[in-house]
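**Student:** What shape does this take:
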Amino acid sequence: MVFLGLLLLLLTLLAGARLLWGQWKLRSLRLPPLVPGFLHLLRPNLPIYLLGLTQRLGPIYRLRLGLQDVVVLNSKGAIEEALVRKWVDFAGRPQTPSYKLVSGHCQDISLGDYSLFWKAHKKLTRSALLLGVRSSMEPWVEQLTQEFCERMRARAGAPVTIQKEFSVLTCSIICYLTFGDKVEGNTLVHALHDCVQDLMQTWEHWSIQMLDVVPFLRFLPSPGLWRLKQAIENRDHLVEKQLRRHKESMVAGQWRDMTDYMLQGVGRHRAEEGPGRLLEGHVHMSVVDLFIGGTETTANTLSWAVVYLLHHPEIQWRLQEELDRELGPGASGSRVPYKDRARLPLLNATIAEVLRLRPVVPLALPHQATRTSSIFGYDIPKGTVVIPNLQGAHLDETVWEQPHEFRPDRFLAPGANPSALAFGCGARVCLGEPLARLELFVVLVQLLQAFTLLPPPEGALPSLQPHPHSGINLKVRPFQVRLQPRGAKAQGPGERRDQ
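**Tutor:** Predicted coordinates:
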């Protein structure tokens, strides 16, 4: 016990000395203003708290997360200067202990640091997503969404915990695009869904977050770290099994899914020399990225859309009116191809407004300066961690009128920019954005064609406030919704408010 106490004291003294030495080296630079305190990470609704600090510090400032200084960007102008105009300077990714574990020691696109490996890896995965499955992507999303609606129709009128249903749906879409035509039925889908849930919950636990901001804690016993390693081992076992199946049955020059496409792409790279050569481990981590980045993010956005439509039944009524006008009333078999989505301007505006208020990953993932640079005239030394507060930028009162209000019509005005920053920007923009936007469009079209969204019988509306400690994603508080088949004798979405 005495030895453990002395070790902890020594590590604390070394960390303090390192912090003081770092501050001394930066004494001649013009740095962003520093927020006092060390425990900012524990604040509830962190993106909103960070936005509030801009009132006295401006849109860019520094704060300490544990022993680490980070720079926070809270405006669209500051974020775009760093990530678009100076993207090379800020394309890095900090390599925290949990990032190294989850990313397969830097073979991951989302968490891997910027390098020639990373560029080649990103190019291969993007090609697989946009070229390898381009022809099958929309039909798969439509078919799986139709099956989802049929399952919901069997539970018509009963309260449904729709977040979980959306989560299984989005996992199914990723599974079939990645691993093929309903391989192993629903067994694989549910195994992967449970695996992703377990990994994300373990990764976001406070003990792992503290490990990242105070790295020397990894030398101490940590049940949370053990559980994270177990979740990663389970994840890798499931993915490796599918990679083996693909390698055994793959036909050269043909691909059935994204995994075939990427494995053959790696095969072509094997003959090449140089630092950009890819390995099968990169395919493994591309698959992991697709499941972690493409399941809960899209499911959360769909859940937020339902929450806002329950609070704004007049918008739901207008959306259904728009669908009926384009497709005919009750035309459950009709569709609007995604390339023709401009035919549904209010739906597109509603999706944009949900993404503005509740962006996919509100604080993005942290960037790191690859070399000394500047943002808004402030010096940013090499190695500085930069956090883009996307949600804060979306709530900037100098840009958005009544920014906290749900007003889809703001995106119907001429010159409105529906893309905003919901999926990030620059070199690190989310690779899954095209798929996510397709899913949001198709699922909401079919859902609103088939059902009217109503609160539970007791009339309790879900909270518009996110879970106070959401982690990476901005989580909806648990809620239920009734899915009333359209055409059935029931209250319309606009009738309840007048009672």
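
**Student:** Now the closest residue in space to T350 that isn't next to it in sequence: phi and psi?
**Tutor:** Of all residues not flanking T350 in the chain, P408 sits nearest, at 4.4 Å (Cβ to Cβ, 6 or more residues apart in numbering). (Glycine included, C-beta is placed from N, CA and C.) The phi and psi values for P408, taken as degrees, to the nearest 10, are phi -60, psi -30.

**Student:** Isn't P408 up against A352?
**Tutor:** Yes. With contact defined as Cβ atoms under 8 Å, P408 counts as touching A352 (7.3 Å).

**Student:** ok, and for the one helix or strand Q163 maps to, which residues are buried?
**Tutor:** Assigned by DSSP states H and E, Q163 belongs to helix 162-179. With burial defined by 16 or more other Cβ atoms under 10 Å, the residues of helix 162-179 counted as buried are 162-163, 165-179.

**Student:** what are the ranges of the strands in the stretch 101-250 of the chain?
**Tutor:** In the stretch 101-250 of the chain, the segments counted as strands under DSSP state E, counting those that start in this stretch are 159-160.

**Student:** Where does pLDDT dip in it?
**Tutor:** 105-106, 181-185, 216-219 (pLDDT under 70).

**Student:** Please, where are all the helices along it?
**Tutor:** Here the stretch 101-250 of the chain has its helices, by DSSP state H, counting those that start in this stretch, at 116-127, 134-153, 162-179, 185-203, 206-213, 223-249.

**Student:** so which of the ones you listed is the most packed in?
**Tutor:** Mean neighbours per residue, mean count of other Cβ atoms under 10 Å, is largest over the helices of the stretch 101-250 of the chain for helix 162-179, with a mean of 23.

**Student:** tilt between that helix and helix 223-249?
**Tutor:** Interaxial angle of helix 162-179 relative to helix 223-249 (axes from the mean of the first three to the mean of the last three Cα atoms, to 10 degrees): 40 degrees.

**Student:** how distant is helix 162-179 from the center of its chain?
**Tutor:** 14 Å (Cα atoms, centre = their mean, to the nearest Å).

**Student:** just checking, what packs against it?
**Tutor:** Here helix 162-179 touches helix 134-153, helix 185-203, helix 223-249, helix 258-270, helix 280-294, helix 296-311, helix 433-450, going by 3 or more Cβ pairs under 8 Å, 6 or more residues apart in numbering; DSSP states H and E.

**Student:** switch the cut-off to 10 Å
**Tutor:** helix 134-153, helix 185-203, helix 223-249, helix 258-270, helix 280-294, helix 296-311, helix 433-450, strand 481-485 (3 or more Cβ pairs under 10 Å, 6 or more residues apart in numbering; DSSP states H and E).

**Student:** contacting residues for A342?
**Tutor:** V336, N348 (Cβ atoms under 10 Å, 6 or more residues apart in numbering).

**Student:** before we move on, what SS does it have?
**Tutor:** Using DSSP: H, G, I helix; E, B strand; the rest coil, the secondary structure recorded for A342 is helix.

**Student:** same question, V386
**Tutor:** strand.

**Student:** Nearest residue to it in space, please, no chain neighbours.
**Tutor:** Closest residue in space to V386, ignoring its immediate chain neighbours: H367 at 4.5 Å, by Cβ to Cβ, 6+ apart.

**Student:** wait, that neighbour sits on V72?
**Tutor:** No. With contact defined as Cβ atoms under 10 Å, H367 does not reach V72; the gap is 11.3 Å.

**Student:** shared neighbours of the two, which are they?
**Tutor:** Common contacts of H367 and V72 (Cβ under 10 Å, 6+ apart): V385, V386, I387, P388.

**Student:** From S374, how far out is the third one?
**Tutor:** Using Cβ to Cβ, to the nearest Å, we find I387 at a distance of 17 Å from S374.

**Student:** Tell me, how many residues neighbour V133?
**Tutor:** 21 (other Cβ atoms under 10 Å).

**Student:** Identify the residues contacting it.
**Tutor:** If you count contacts by Cβ under 10 Å, 6+ apart, V133 has them with W140, Y176, L177, T178, W255, R256, D257, M258, D260, Y261, L435.

**Student:** ok, the third one to A349 distance?
**Tutor:** Put plainly, it is L177. Per Cβ to Cβ, L177 is found 27 Å from A349.

**Student:** now swap in the first one and tell me
**Tutor:** Using Cβ to Cβ, W140 is found at 26 Å from A349.

**Student:** Against W203, how distant is the spatially closest residue to L365 that is not a sequence neighbour?
**Tutor:** Leaving out its chain neighbours, the residue that sits closest to L365 by Cβ to Cβ, 6+ apart is S110, at 6.3 Å. Distance, S110 to W203, using Cβ to Cβ: 12 Å.

**Student:** for the stretch 351-499 of the chain, what spans make up the strands?
**Tutor:** Secondary structure of the stretch 351-499 of the chain (DSSP E, counting those that start in this stretch): strands located at 367-368, 373-375, 378-380, 385-388, 451-454, 481-485.

**Student:** now for the ones you listed, which one comes closest to M152?
**Tutor:** Closest approach to M152 among the strands of the stretch 351-499 of the chain (Cβ to Cβ): strand 481-485, 5.1 Å.

**Student:** and R477, what is it in contact with?
**Tutor:** R477 neighbours (Cβ under 10 Å, 6+ apart): Q163, S303, V307, P462, S463, L464, Q465, P466, H467, P468, S470.

**Student:** just to revisit the earlier point, for the helix holding Q163, output the C-alpha coordinates as CSV.
**Tutor:** Extracted C-alpha coordinates of helix 162-179, given in CSV (Å, rounded to 0.1, in the frame of the first residue of the first chain):
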residue,chain,number,x,y,z
ILE,A,162,-38.4,3.3,-31.0
GLN,A,163,-34.8,4.1,-30.3
LYS,A,164,-33.9,0.4,-30.0
GLU,A,165,-35.9,-0.4,-33.1
PHE,A,166,-34.0,2.3,-35.1
SER,A,167,-30.8,1.0,-33.7
VAL,A,168,-31.4,-2.6,-34.9
LEU,A,169,-32.6,-1.2,-38.3
THR,A,170,-29.4,0.9,-38.9
CYS,A,171,-27.2,-2.1,-37.8
SER,A,172,-29.1,-4.3,-40.2
ILE,A,173,-28.4,-1.9,-43.1
ILE,A,174,-24.7,-1.7,-42.2
CYS,A,175,-24.5,-5.5,-41.8
TYR,A,176,-26.1,-6.3,-45.2
LEU,A,177,-24.0,-3.7,-47.1
THR,A,178,-20.8,-4.9,-45.4
PHE,A,179,-21.3,-8.6,-45.2
